[in-house]
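In: sequence plus the predicted model coming up.
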4 protein chains.
Amino acid sequence: MVGGGLGAFIGDVHRMASRLDGEIELVCGAFSSSPEKSKKSGEALYLPADRCYGSYQEMFAAEQKLPEGERMDFVSIVTPNHLHFEPAKMALQSGFHVVCDKPVTFSLEEAEELQKIYDDNSLIFALTHNYTGYPMVRQAKSMVRSGALGKIRRVVVEYPQGWLATRLEESGQKQASWRTDPSKSGKAGCMGDIGTHAENLAEYITGLKITHLCADLNIFVPGRRLDDDGAILLKMEDGAKGILFASQIAVGEENNLRIRVYGEKCGIDWSQMAPNNLVVREIDGPMKVLRTGVGELSTAAQAATRLPAGHPEGFIEAFANIYKNFSKAVKAQAAGVSSSDMDHDFPTIEDGVRGMRFIDAVIESAESDAKWTAF
Amino acid sequence: MVGGGLGAFIGDVHRMASRLDGEIELVCGAFSSSPEKSKKSGEALYLPADRCYGSYQEMFAAEQKLPEGERMDFVSIVTPNHLHFEPAKMALQSGFHVVCDKPVTFSLEEAEELQKIYDDNSLIFALTHNYTGYPMVRQAKSMVRSGALGKIRRVVVEYPQGWLATRLEESGQKQASWRTDPSKSGKAGCMGDIGTHAENLAEYITGLKITHLCADLNIFVPGRRLDDDGAILLKMEDGAKGILFASQIAVGEENNLRIRVYGEKCGIDWSQMAPNNLVVREIDGPMKVLRTGVGELSTAAQAATRLPAGHPEGFIEAFANIYKNFSKAVKAQAAGVSSSDMDHDFPTIEDGVRGMRFIDAVIESAESDAKWTAF
Amino acid sequence: MVGGGLGAFIGDVHRMASRLDGEIELVCGAFSSSPEKSKKSGEALYLPADRCYGSYQEMFAAEQKLPEGERMDFVSIVTPNHLHFEPAKMALQSGFHVVCDKPVTFSLEEAEELQKIYDDNSLIFALTHNYTGYPMVRQAKSMVRSGALGKIRRVVVEYPQGWLATRLEESGQKQASWRTDPSKSGKAGCMGDIGTHAENLAEYITGLKITHLCADLNIFVPGRRLDDDGAILLKMEDGAKGILFASQIAVGEENNLRIRVYGEKCGIDWSQMAPNNLVVREIDGPMKVLRTGVGELSTAAQAATRLPAGHPEGFIEAFANIYKNFSKAVKAQAAGVSSSDMDHDFPTIEDGVRGMRFIDAVIESAESDAKWTAF
Amino acid sequence: MVGGGLGAFIGDVHRMASRLDGEIELVCGAFSSSPEKSKKSGEALYLPADRCYGSYQEMFAAEQKLPEGERMDFVSIVTPNHLHFEPAKMALQSGFHVVCDKPVTFSLEEAEELQKIYDDNSLIFALTHNYTGYPMVRQAKSMVRSGALGKIRRVVVEYPQGWLATRLEESGQKQASWRTDPSKSGKAGCMGDIGTHAENLAEYITGLKITHLCADLNIFVPGRRLDDDGAILLKMEDGAKGILFASQIAVGEENNLRIRVYGEKCGIDWSQMAPNNLVVREIDGPMKVLRTGVGELSTAAQAATRLPAGHPEGFIEAFANIYKNFSKAVKAQAAGVSSSDMDHDFPTIEDGVRGMRFIDAVIESAESDAKWTAF
């Protein structure tokens, strides 16, 4: 693991998610840019001292020298955005598979360079667009693919949060500080942090790419340097239209990621705040609420479910599904199974590059007087 | 009453709403363009035959001749859009107060002409933007005015319906037929029919005018001639930003009018499908659900409530609140109370003209390549 | 109307409900035991002075003398419980149909005497167990009758309120005062006031009679003289079992009447707080939410619905459905249609007598050490 | 671990829950009564062959011989009810701490014997009444303790499930088979399996013991030998009254454990199907919805929360909280911290014995004609 020292939110999430299924074990880490803090974090995680590294460079070098079977199999990169590219690049160049937090890099250029390196290797790369790991999101995707919705017309995806409604970054809160700092977060604030989740989710479920967008970005909190709110009109493939709304100043909202997709025959509605429900609305029929574990769901939904009906599955379980499929892919490759045979449902470097292009297009559109910007 | 013959949906609504409080009595009507059907409708409503008129022209002429106290006090116009202007104009010119269905006229020109006639008279004109009659909508407005939200930043108003997801107008369904017919509905379909409700609600609650908009209108059902779906980005006064989404092809949605307003201090969330709830989200506090009739609500909310807590109030009651305030205004005027003293909370001709301007601006924006169109 | 003077809650409800459909007109009343207050109330309701009577005795006498077509057709009795019997008896004996608030009388003896008088006449008697007027309650009943649930096993009906959680009767609040006074309310407090609604609803929907019960009644508020809370186990016909819970000290609850019925094949769940939903749970299928006005509902549900889907119908509309069916029955009788041909779905004197027996059985059981008391 | 071989539902839950926080590692097991199946299960869990034991007797013997630090610290017993007592007893006698599934034993006699053994040792024993691990359940408990509710009056706890609405045990479904078999499940079916969870939750949150009960148990599915449904009236300490409803034939219900507690000042409402909400209803105030991770919650609720607001925590996380506190207690003891100093919030052997007494009292009451049976 790179990053995720004591007290880090997302590092803990990655650790819990990777542990859950008993298939992955944390064996080493460079948890902090401070070697001392890295050691201390590693010890708290019951790691042997010699595998708590002072830097990721050191870690890759040392682990490479260990015999196969002893050395780490892959690395999780859980640092702030501006510190994704270098360790990810070095990991791939050193022969390690990668799990990387999103957005994949600080800039599109970095993302494209990383993809080139990726393309030259036969390594596995997973990006933690974790919301695609929820069973009911997979059910939604399956329903679209099976034609249950008919041709898709209208998509509404939104991700309101309220935690940045005040100038929290002034208080020294670590999460707020780097996310609102252009030198660490990148070109976009809210749109990079959560807008990309919304974009990824919309394309994941519908299977339709966004082709044009019309963005209105805002900085509502005085003194802030990056967007903390935005609304985007979308043109998608096959004539579908969309609205994407993301905000970090929507007071009192937690992580209210929600997507509605209306097709010719049927509409579906999923919300992260009640993630085990998938509301289905048909023409003239009663509203149906599909539930994780209940009745006949798609194979993909079932594979993402750990417990029988009535046992609420949450955020960590969904996150763990990304790790689960990633680790299946890693094992399959180790076993010599060709990539085309693998159950490969997790976000990859392609999703990462696409996310960075999305950010660039959004910024371009926001600065333009023209209604539509191609994406 | 003009229009609203047997089997008409909105005519029945107006009649039930006006009856509810026992302050208004139906005394005459020209219920149909067919004199025979008008008579028949009037009889079914227990009206005397001589006050079931063959046309509104006939009605205004006859009623004017009746002595004060016997003749009708006001007229309700519940015809399709293209038949609002003439009877409304004649009513005002004949000295009758008017309740008119929205949108106020077929075109902006008509609306402006009607306003001129209105301005020259001291008559009362109510437009049935009925959703503003819900107690919790009034509570929302009161909270904004009282400063509970602080400065408003983000508005999201949406009105998805699904009833026109198929080409219902082909089946002879009357509601669908005229609403999708440019010669009866006007320039806009969905945006005129329900988009104007959303626009009115957003301005009513926030007290902020829309200043610019960026519209994307769609016709999703093949062969249809007017928009059946649309999404609009909004600039509002005082730097607020908005999203307005209206659709009649959102399969399975009923009348899911919903508005969220996020201010600096607090966010509010109201939905017509659960109209007695007003969800309030504060920074770091627990979510609160204000309920019709429960606890300390604003005077305006209480005045719009007929029953104690726990007795769900619905659509008709909200509609009746428009009639109630209108009839108060009519009585106050009759009693010689000056207009400035009156509790005058109902939509008026000004809202009607504004709604028509909104339609024009939306159409202009939808046809433009520029991002923002002034409104 | 007997009772329901200015400021009375339930009098207003009866008036609004009876007005709604334009089939019933208030023509006279004895609105208060004070002749002066009665006059004043009548004037405020736009009644002519000579039909605002000083007492119900006076009213029945005077109205009887009016020519048919001019005199009132029926009377609504909306007084506190101890004042139901005398006017109801006199109304029937004077040849007037009756709508009476529940519970039908102060004691079982009165109820039985009233039924005898009723049986000797061919008059129509409706008891306002108004919750049976909701469209989705009628849908629930239809589904049970059609066999959709299979054999019924388990019923859970509950009616928590919180308004008597403190000693409100001390404050002079009129509703609280008579309801907690044994000389006005009868043997039971909470169980008479709302427990009978729950009992009626359970039997109405399931079509099964309660045969035995085991009651635990409580007085939680110190100094109160009648039960303010109670839980009852039920044996019903055909081996079904039930739980009935009613409380007026369930802090913060409004009128949370809810019923769940689980059969062999299907479970249904209805709550007055969201009365336009009927949740249906089938074995292994997705949860379905039937909605007023949406899709294929039973004839009875449709007949109880005034508006298309998406227009929330509330308490007054449900109450009005009792009046609507009652007035149909009155008109049918006047037209010489035999009672067996009539659409007669409203609670009658039989429901009233049954409710009084329920109260007696509950009190008997509450005082008994035996588990089961026959009902 | 004893039990929990491949394919076992609850074994997997225990493993995921114990892994989640990285404090507990599975080191050995006797996963099945078949030595071969036990080996196979152990291998699939990446255990060394020599620690996949053929029986629990073998396991305790072998592990005892290992040096401290290498041998297992505690054992999790996840077998069907009739196989809890022997391994638990042997574990305690062999010096191992125990985590045991509920109900603690097959009979009250066994439970009492186990408690004696427990009392003679200084070992730690946790019973997985896992629902007490939810953050909002802990918040509820804290609120009762802090006096926020005032004196408690009315408790309603219910646990409807629908999975045994048909005779599933005939199909060979393993979970259904042993749970409906008196020789494996014990005296009670539904009441032992889930009724005890409801009983435990009610006493946990309110801090009030049940003193008397009045039970009505049912077998609805023909041919079944143990209760599959039941309703119980409760007397609790301090004059509180309760209703406990548990059913496994409530068609379509998942694990709808819900508890409402009404005090003098405030009512609280928690449901396992939306476990991150705690609804709070105050006299005359707006309904509040407390949420995991949002605002000022009790220390106990915060300690049970792993993620910031907006990241739904589910069943596994709550289960893991039992393991977390248990492992804290184990470590504290190892570090010589006295038991009275420890954060010891997990269900223990006392809860287990109480649960067995509850089952006995329920059966006794169900067979009695007297209303109340002492507990």
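Out: Done, it's in. Predicted, not measured: the structure shown is a model, and the values here were computed from it.

In: render the CA-only coordinates of the helix or strand hosting A:H197 in CSV, please.
Out: Element membership for A:H197 (DSSP states H and E) is helix A:196-206. In CSV, the C-alpha atoms belonging to helix A:196-206 read as follows (Å, rounded to 0.1, in the frame of the first residue of the first chain):
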residue,chain,number,x,y,z
THR,A,196,-16.3,11.6,-12.0
HIS,A,197,-18.0,9.0,-9.9
ALA,A,198,-21.3,10.2,-11.3
GLU,A,199,-20.0,10.2,-14.9
ASN,A,200,-18.6,6.7,-14.4
LEU,A,201,-21.8,5.4,-12.9
ALA,A,202,-23.9,6.7,-15.7
GLU,A,203,-21.8,5.2,-18.4
TYR,A,204,-21.3,2.0,-16.5
ILE,A,205,-25.1,1.4,-16.1
THR,A,206,-26.3,2.6,-19.4
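
In: A:I210 and A:F375 touch, don't they?
Out: Yes. Using Cβ atoms under 8 Å, A:I210 is in contact with A:F375, at 5.2 Å. Where you see a C-beta, it was placed from the backbone N, CA and C, and this is true even at glycine.

In: so what sits against both of the two?
Out: A:F358 (Cβ atoms under 8 Å, 6 or more residues apart in numbering or on different chains).

In: now the strands for chain A?
Out: A:74-77, A:97-100, A:125-127, A:152-160, A:210-218, A:229-236, A:241-247, A:258-263, A:266-271, A:277-282, A:287-291, A:373-374 (DSSP state E).

In: spell out which residues of the stretch 201-350 of chain A are next to chain C.
Out: A:280, A:284-291, A:294-296 (Cβ under 8 Å from any Cβ of the partner chain).

In: list the buried ones in the helix or strand bottoming out on mean pLDDT in chain A?
Out: Using mean pLDDT, DSSP states H and E, helix A:174-179 stands out as the lowest-scoring helix or strand of chain A, at a mean of 92. Of the residues in helix A:174-179, A:175-179 count as buried by neighbour count, 16 or more other Cβ atoms under 10 Å in any protein chain shown.

In: what's the closest of the residues you listed to A:A88?
Out: Nearest to A:A88 out of the buried residues of helix A:174-179 is A:W178 (Cβ to Cβ; 17.5 Å).

In: where in chain A is pLDDT low?
Out: A:339-343 (pLDDT under 70).

In: how is it divided into domains?
Out: Recorded structural domains for chain A (assignment: automatic domain parsing) are A:9-123, A:134-306+A:353-366.

In: need the ones you listed in TSV (columns: distance to chain B).
Out: What follows is the domains of chain A, written out as TSV (distance: least, Cβ to the nearest Cβ, whole Å):
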stretch	distance to chain B
domain A:9-123	17
domain A:134-306+A:353-366	2
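
In: returning to what we had before: chain D is nearest to which of the strands of chain A?
Out: strand A:287-291 (7.0 Å; Cβ to the nearest Cβ).

In: partner strands of that closest one and their direction?
Out: strand A:277-282 (antiparallel), strand C:287-291 (antiparallel) (DSSP bridges).

In: got the ones you listed as JSON lines, with mean neighbour count columns?
Out: Listed next are the strands paired with strand A:287-291 as JSON lines, based on neighbours: other Cβ atoms under 10 Å in any protein chain shown:
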{"stretch": "strand A:277-282", "mean neighbour count": "22"}
{"stretch": "strand C:287-291", "mean neighbour count": "22"}
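
In: quick one: contacts for A:F125?
Out: A:88, A:92, A:97-100, A:118, A:348-349, A:352.

In: of those - the most surrounded one?
Out: A:A88 (30 neighbours; other Cβ atoms under 10 Å in any protein chain shown).

In: am I right that A:P308 is in contact with D:I10?
Out: No. The pair A:P308 / D:I10 is not scored as a contact, 10.5 Å apart, by Cβ under 8 Å.

In: tell me which of the two has more neighbours.
Out: When A:P308 and D:I10 are compared for neighbours, D:I10 comes out ahead with 18 against 14, by other Cβ under 10 Å.

In: please report the distance of the more buried one from chain A.
Out: According to Cβ to the nearest Cβ, to the nearest Å, D:I10 and chain A sit 10 Å apart.

In: my guess is that residue contacts D:V78. True?
Out: Yes. The pair D:I10 and D:V78 qualifies as a contact (Cβ under 8 Å) at a distance of 5.2 Å.

In: ok, back up a step: just the residues contacting the helix holding A:H197, thanks.
Out: Residues contacting helix A:196-206 (Cβ under 8 Å, 6+ apart): A:102-103, A:129, A:131-132, A:137, A:140-141, A:144, A:152, A:155, A:157-159, A:209-210, A:234, A:236, A:240, A:242, A:244-246, A:257, A:259, A:261, A:347, A:351, A:354-355, A:358-359.

In: let's have the strands of chain A in CSV, adding distance to B:G29.
Out: Output for these, formatted as CSV (distance: least, Cβ to Cβ, whole Å):
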stretch, distance to B:G29
strand A:74-77, 74
strand A:97-100, 70
strand A:125-127, 66
strand A:152-160, 40
strand A:210-218, 48
strand A:229-236, 45
strand A:241-247, 43
strand A:258-263, 39
strand A:266-271, 39
strand A:277-282, 38
strand A:287-291, 38
strand A:373-374, 54
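
In: C:F60 is nearest to which of those strands?
Out: That would be, of these and by Cβ to Cβ, strand A:287-291, which comes in at 50.4 Å.

In: tell me what angle the longest helix seen in chain A forms with helix D:315-334.
Out: Across chain A, the longest stretch assigned as helix under DSSP state H is helix A:315-334. Helix A:315-334 runs at 90 degrees relative to helix D:315-334, counting by axes from the mean of the first three to the mean of the last three Cα atoms, to 10 degrees.
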